[in-house]
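Trainee: I'd like to go over a predicted model; first the sequence, then the structure.
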Number of protein chains: 2
Amino acid sequence: MASGRRREFDYELALNAAMYVFWQKGYSGTSMSDLIERMNINKPSIYRAFGNKEDLFIKATERYLEIKMKPHMALLFEEGATLKGRFKKHMMSIVDMQCSTPDAKGCYLVLCQSELISGGIPMQAELLLKSAEAIPTKCYADIFSNDPEAILLGLSQNAQSNSLCLYTMLKGTAAMARSGALRAELEYSVDSILAGIGLD
Amino acid sequence: MASGRRREFDYELALNAAMYVFWQKGYSGTSMSDLIERMNINKPSIYRAFGNKEDLFIKATERYLEIKMKPHMALLFEEGATLKGRFKKHMMSIVDMQCSTPDAKGCYLVLCQSELISGGIPMQAELLLKSAEAIPTKCYADIFSNDPEAILLGLSQNAQSNSLCLYTMLKGTAAMARSGALRAELEYSVDSILAGIGLD
DNA sequence: GCCCTATGTTACCACTTGGTATAGAAAATT
DNA sequence: AATTTTCTATACCAAGTGGTAACATAGGGC
């Protein structure tokens, strides 16, 4: 079986580049020209390797979830740290990322989720974005409900609300980071919300 | 001096309609076709009455600041209410608006400010959006610095940080509202952040 | 060597974008 | 009523959108 000519570009690198473009410009705001330029591949090669714009967006989004969001979640389950310490580390790890990525500040998901109500996002991409939103809130709520320290602090009483509260603050830091806020400025907000829900 | 034919559409109504379109779709996401449809005027009439897309956007943004943001600010200076009461009312008034406007959930400014880093926003519009951001933070910081009750509670020590903290949370509720969160769910977050900075 | 498959490149497609020229219609001043 | 001024409406423009057809090119299996 003949296997044909090998592609000249690096698939993984190209997908990363696409991820950063969507992170900076959102789905509708990103044009194929943008992608061609930043991925450094010409158009038919992109279509052959990744499918159409929606397919590429879905792959880029899944990559973001995998390499950018997942690592933060692990920090919530580190052994030998207090509940507050784990949440603080988790949240500041996210804030760090929101502030540090040049030209792609804030959160990929927050940006693209805000496009949903604008219209123009294809169905499958919409479903993925909506399902991604449920992951951290569910995770936080589970911890608040079941962690012994959380139960002791009474946080299990309002597990759902406490979860939503932290998530809301992280969306806020994402928006602030996108406008140029610094990590140091946002740390105070993280500390305040943790204190605010009674996590001391 | 002949004054000519009178316009058939209502200028104020049309500008309001434009405001809601930008509120829903942002600057780049809004096309002239969108505006024509929702303002119910044909294209040359829009250009004659409002100038080009950027001019119209600036007018719509100024209108948003005037009729949508300004009323919330007044609540911070109501007589005979505690500092916490005034901030609670102010913030919930904003959250109310973020949740209730159909098809234009969230905050006009948060949405459009997030487009700045994407590029494609004209200079004058960019300046307006950036200057709008400074208004509430400056206002909060002034209150935390000078209000007797704030000084008594020690909030004047971190006036700047406390200000940024509340503003960050409001950007978070805006993002949450845009994704469909309800007023009741977000009230808990507002209460928590007020408690978190020590405003009891 | 040949063939087959997959690649990169150029050119093109229909459609939408922001913006305008032009012509006809309506109202106020003379 | 005539004129002037501003309005609305149809049609159009160049440039950009997402997406493809066609063709030359490169590499592995036989």
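Mentor: Received the coordinates, thanks. Source: prediction; values computed, not measured.
Trainee: low-scoring pLDDT stretches of chain A, where are they?
Mentor: A:1-2 (pLDDT under 70).
Trainee: got a list of contacts for stretch A:42-55?
Mentor: For stretch A:42-55, the external contacting residues (CB atoms under 8 Å, 6 or more residues apart in numbering or on different chains) are A:7, A:9, A:11, A:14-15, A:18, A:27, A:30, A:32, A:35-36, A:39, A:41, A:56, A:59, A:122, A:124-125. In this view, the C-beta of every residue, glycine as well, is placed from N, C-alpha and C.
Trainee: Return the list of helices and strands in contact with the longest helix along chain A.
Mentor: When chain A is parsed with DSSP state H, its longest helix is helix A:123-146. In this structure, helix A:123-146 makes packing contacts with helix A:53-64, helix A:70-74, helix A:108-116, helix A:159-178, judged by 3 or more CB pairs under 8 Å, 6 or more residues apart in numbering or on different chains; DSSP states H and E.
Trainee: From the chain's centroid, how far away is the shortest one?
Mentor: A distance of 10 Å separates the centroid of the chain from that of helix A:70-74, by CA atoms, centre = their mean, to the nearest Å.
Trainee: same question, the third one
Mentor: The offset between the C-alpha centroid of helix A:108-116 and the centroid of the whole chain comes to 10 Å, using CA atoms, centre = their mean.
Trainee: which other helices and strands contact it?
Mentor: Contacts defined by 3+ CB pairs under 8 Å, 6+ apart place helix A:108-116 against helix A:11-25, helix A:53-64, helix A:123-146, helix A:159-178, helix B:108-116, helix B:159-178.
Trainee: do the last one as well
Mentor: Contact here means 3+ CB pairs under 8 Å, 6+ apart; on that basis helix A:159-178 packs against helix A:83-100, helix A:108-116, helix A:123-146, helix A:183-196, helix B:108-116, helix B:159-178, helix B:183-196.
Trainee: how far off helix B:159-178 does the fourth one point, in degrees?
Mentor: So that's helix A:183-196. Per axes from the mean of the first three to the mean of the last three CA atoms, to 10 degrees, the angle that helix A:183-196 makes with helix B:159-178 is 70 degrees.
Trainee: Ok, the longest one next?
Mentor: Taking the same axes, to 10 degrees, helix A:123-146 and helix B:159-178 form an angle of 120 degrees between their directions.
Trainee: again, but for the fifth one
Mentor: Using the same axes, to 10 degrees, the direction of helix B:108-116 lies 90 degrees away from that of helix B:159-178.
Trainee: could you give the angle of helix B:108-116 to helix B:83-100?
Mentor: Using the same axes, to 10 degrees: helix B:108-116 against helix B:83-100 is 70 degrees.
Trainee: For residue A:189, see how far away residue A:198 is.
Mentor: Distance of residue A:198 to residue A:189, computed by CB to CB, to the nearest Å: 17 Å.
Trainee: When the two are compared, which one has more neighbours?
Mentor: residue A:189 (29 against 16; other CB atoms under 10 Å in any protein chain shown).
Trainee: Please give me every residue in contact with that one.
Mentor: So residue A:189 contacts A:169, A:172, A:173, A:176, B:164, B:165, B:168, B:169 (CB under 8 Å, 6+ apart).
Trainee: Could you do residue A:36 as well?
Mentor: A:42, A:43, A:46.
Trainee: what about 6 Å?
Mentor: Neighbouring residues of residue A:36 by CB atoms under 6 Å, 6 or more residues apart in numbering or on different chains: residue A:43.
Trainee: Tell me how far it lies from DNA strand D.
Mentor: 9 Å (CB to the nearest atom of the strand, to the nearest Å).
Trainee: ditto for residue A:94
Mentor: Residue A:94 is 29 Å from DNA strand D, by CB to the nearest atom of the strand.
Trainee: Likewise for residue A:48?
Mentor: 9 Å.
Trainee: Same question for residue A:29.
Mentor: 9 Å.
Trainee: which SS state does that residue fall under?
Mentor: Secondary structure for residue A:29, judged by DSSP: H, G, I helix; E, B strand; the rest coil, is coil.
Trainee: Grab the nearest non-local neighbour of it.
Mentor: residue B:118 (5.0 Å; CB to CB, 6 or more residues apart in numbering or on different chains).
Trainee: For burial, what's the neighbour tally of the one you found?
Mentor: 22.
Trainee: thinking again about what came up before, kindly reformat the helices and strands packed on helix A:123-146 as TSV containing mean neighbour count and distance to DNA strand D.
Mentor: Listed next are the helices and strands packed on helix A:123-146 as TSV, based on neighbours: other CB atoms under 10 Å in any protein chain shown; distance: least, CB to the nearest atom of the strand, whole Å:
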stretch	mean neighbour count	distance to DNA strand D
helix A:53-64	19	3
helix A:70-74	13	28
helix A:108-116	24	13
helix A:159-178	26	21
